[in-house]
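Chemist: Kindly generate the corresponding structure for this input.
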Amino acid sequence: MNLNFDPLTTDLLVYLLVFAAIVFASYSACFEHLRAPWRQVAHNKIAMASALVLSGYLLIALCDSIHFQQPLLEANGKPSRDQGGNIVYQSEAISLFDLFVKNIREKDEKTYSAPLATHYYTKENITLPDGKQVRNFPRLQYGGKHLGNQNQRFRDLVDKALRGGGLFVLWGFAIIGIFFLAKKFSTSGSSPDSPSKDGIFSGGSLVIFSLVVLFCLGVAFFISKDYHLFGTDKVGQDVFYRALKGIRTGIVIGTLTTLIMLPFAIMMGIMAGYFKGWVDDLIQYIYITLSSIPGVLLIASAILMLDVYMDTHPEKFDTIIVRSDWRLLFLCAILGVSSWTGLCRILRGETLKLREMEYVQASESLGVGHFKILWKHIVPNVMHIVLITVVLGFSSLVLAEAVLSYVGVGVDPSMESWGNMINAATLELAREPIVWWNLAAAFVFMFGLVLSANLFADAVRDAFDPRLRTR
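Modeler: All right, here's what the predicted structure looks like:
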């Protein structure tokens with residue numbers, strides 16, 4: 001296909017983070033003291049079940065971070081070309097994920113419809129074939145249109161759920177079988193006296209959980225092809241599609257904010273604890289002053305300044321997606337600048353303790369430079385704190401996006417996010433009849449991400465905390 005790849009700024013930063021994670025994993029694999037905690041995490045069934053859910057969220061976010069423009073098509077289906085023979089592309093870019101869920105994305109109705117419904121949620125005037133007008137619930141344009149009679153809906157839903165869930169479970173059995181066969185052949189040459197190597201799938205409970213997840217995915221995939229799984233919103237857009245699109249926003253907020261926050265926290269926290277004196281006083285003054293500013297007020301003022309700049313320089317933000325992407329990036333920057341103070345305090349206290357250790361004192365007496373001591377002795381001994389804080393802080397940043405979007409200073413209203421869905425649901429909950437599925441969809445997806453992130457963070461904390469590991 002003739003595609004014009006047009007990556008956004010956040011797309012490049014997301015894949016930069018993926019590259020950094022791969023480099024960190026390769027570096028950790030070279031040292032036993034870094035491999036051992038991750039092996040402990042891998043043997044924690046709850047942690048690996050959470051990692052399975054997180055990997056699904058991350059996969060969707062990565063697919064949604066590959067943007068490109070499709071060519072305009074002529075009546076004969078061929079790409080449209082200008083006078084110079086160049087292909088003319090559409091103005092708005094879509095993502096690879098949009099291409100995968102095209103069947104859901106393009107099936108827009110006129111207005112609200114309940115989950116799995118075949119008719120609209122409100123009554124309208126309908127003209128009968130004989131010209132008589134009645135007030136009833138009109139039939140949806142796409143939801144359940146293949147049904148000849150609405151009485152067949154329950155049977156059709158059960159049939160699709162069983163076929164979709166069963167197919168995905170069979171795929172799961174095939175993947176697990178290949179995994180076990182590979183493991184069996186890889187360990188067939190080991191001696192009987194060697195210790196057993198329990199893999200990630202050493203317990204049947206994790207296998208069962210994986211099959212349950214696959215079954216749910218199969219049910220959702222097959223039903224969403226012909227129905228609106230979570231209904232539609234005010235403008236008729238599929239709520240399930242909006243909730244899936246909100247995954248990228250939540251992941252970007254959690255990861256990019258961490259990327260911006262870490263350099264400030266690590267550099268200033270370690271320098272304040274190691275050099276002490278006027279350096280410590282200056283850094284303490286900076287983060288105490290920053291902590292005294294109300295966070296919401298700081299974010300609101302920064303977002304308003306950005307909106308004014310965008311309105312006065314429209315030529316730099318030519319499309320809606322570029323405008324919303326820069327607002328998302330700016331929000332990550334503000335959150336990162338305002339959230340590094342907590343980790344900085346922790347690292348300062350830990351560095352004050354490490355500075356008095358014998359090996360650090362010996363290095364100073366032998367004439368080793370300060371920055372070499374920091375790199376060789378201080379930084380490696382505080383990285384477990386950094387990793388624990390980063391993993392624990394991810395879920396709080398995801399929740400922060402929802403709260404900020406709810407009060408109107410979060411991501412751009414045109415960007416799909418759980419916070420925008422919750423914000424829209426505030427008015428829908430007050431109408432009659434009540435529209436509850438926008439809030440329910442955002443809650444379900446946010447709950448899954450935050451819960452799995454917290455469970456995985458607990459396992460990482462237990463594995464990397466030296467005191468818990470020793471105990």
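
Chemist: Just the mean pLDDT for stretch 387-398, thanks.
Modeler: Mean pLDDT, computed over stretch 387-398, is 79.

Chemist: So what touches that stretch?
Modeler: For stretch 387-398, contacts defined as Cβ atoms under 8 Å, 6 or more residues apart in numbering pick out 250, 253-255, 257-258, 262, 335, 339, 342-343, 346, 446, 449-450, 453-454, 456-457, 460-461, 464-465. Where you see a C-beta, it was placed from the backbone N, CA and C, and this is true even at glycine.

Chemist: ChimeraX command for the buried members of those?
Modeler: In ChimeraX, this line selects whichever of those come out buried by 16 or more other Cβ atoms under 10 Å:
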select :250,253,254,255,257,258,262,335,339,343,346,446,449,450,453,456,457,460,461,464
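
Chemist: Which of the contacts of stretch 387-398 fall within helices?
Modeler: Mapping the contacts of stretch 387-398 onto helices (DSSP state H) picks out 250, 253-255, 257-258, 262, 335, 342-343, 346, 446, 449-450, 453-454, 456-457, 460-461, 464.

Chemist: which parts of the helix or strand where Ser26 lies are buried?
Modeler: According to DSSP states H and E, Ser26 maps onto helix 9-28. Of the residues in helix 9-28, 10-11, 13-14, 17 count as buried by neighbour count, 16+ other Cβ under 10 Å.

Chemist: Looking at these, which one is closest to Arg323?
Modeler: Thr10 (12.6 Å; Cβ to Cβ).

Chemist: now the closest one: how far from Ser95?
Modeler: Between Thr10 and Ser95 the distance is 12 Å, computed by Cβ to Cβ, to the nearest Å.

Chemist: any common contacting residues for the two?
Modeler: Ser65.

Chemist: how about low-confidence regions in the chain?
Modeler: Scanning the chain for pLDDT under 70 picks out 1-2, 76-77, 183, 186-203, 465-471.

Chemist: quick one, strands of it?
Modeler: 4-5, 67-69, 94-95, 124-127, 133-136 (DSSP state E).

Chemist: how does the chain divide into domains?
Modeler: According to automatic domain parsing, the chain is divided into the following domains: 116-186+200-228, 246-470.

Chemist: Leu211: neighbour count?
Modeler: Burial of Leu211 is recorded as 17 neighbouring residues (other Cβ atoms under 10 Å).

Chemist: is it true that it touches Trp171?
Modeler: No. Contact criterion Cβ atoms under 8 Å: Leu211 and Trp171 do not qualify, at 10.0 Å.

Chemist: Now do the helices in the stretch 151-300 of the chain.
Modeler: With DSSP state H, counting those that start in this stretch as the criterion, the stretch 151-300 of the chain has helices at 153-187, 204-224, 239-275, 277-291, 295-312.

Chemist: looking at those helices, which is closest to Phe230?
Modeler: The closest of the helices of the stretch 151-300 of the chain to Phe230 is helix 239-275. By Cβ to Cβ, the value is 4.0 Å.

Chemist: Now do that closest one against helix 9-28, angle only.
Modeler: Counting by axes from the mean of the first three to the mean of the last three Cα atoms, to 10 degrees, helix 239-275 lies at 60 degrees to helix 9-28.

Chemist: quick check, distance from helix 239-275 to the centre of its chain.
Modeler: 11 Å (Cα atoms, centre = their mean, to the nearest Å).

Chemist: Check stretch 92-100 too.
Modeler: Averaging C-alpha positions (Cα atoms, centre = their mean) puts stretch 92-100 17 Å from its chain's average.

Chemist: how about it: buried residues?
Modeler: Neighbour-count burial for stretch 92-100 [16+ other Cβ under 10 Å]: 93-95, 97-98.

Chemist: from these, which single one is nearest Val308?
Modeler: Ala93 (25.5 Å).

Chemist: can you tell me which residues contact that closest one?
Modeler: Contacts of Ala93 (Cβ under 8 Å, 6+ apart): 6, 8, 67-69, 319, 321.

Chemist: ok, 6 Å please
Modeler: Counting by Cβ atoms under 6 Å, 6 or more residues apart in numbering, Ala93 makes contact with 6, 67, 69, 321.

Chemist: list the contacts for the closest residue to it other than its chain neighbours?
Modeler: Spatially, and ignoring its direct neighbours in sequence, Ala93 is nearest to His67 (4.4 Å; Cβ to Cβ, 6 or more residues apart in numbering). Listed by Cβ under 6 Å, 6+ apart, the contact set of His67 reads 6-8, 93, 95.

Chemist: Dump stretch 334-343 to CSV, restricted to CA.
Modeler: The C-alpha coordinates for stretch 334-343 follow below in CSV (Å, rounded to 0.1, in the frame of the first residue of the first chain):
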residue,chain,number,x,y,z
ILE,A,334,4.4,19.9,33.3
LEU,A,335,3.6,16.7,35.2
GLY,A,336,7.3,15.6,35.0
VAL,A,337,8.6,19.0,36.2
SER,A,338,6.2,19.1,39.1
SER,A,339,6.5,15.4,40.3
TRP,A,340,10.2,14.9,40.6
THR,A,341,10.5,16.4,44.1
GLY,A,342,9.3,13.2,46.0
LEU,A,343,11.9,10.9,44.4
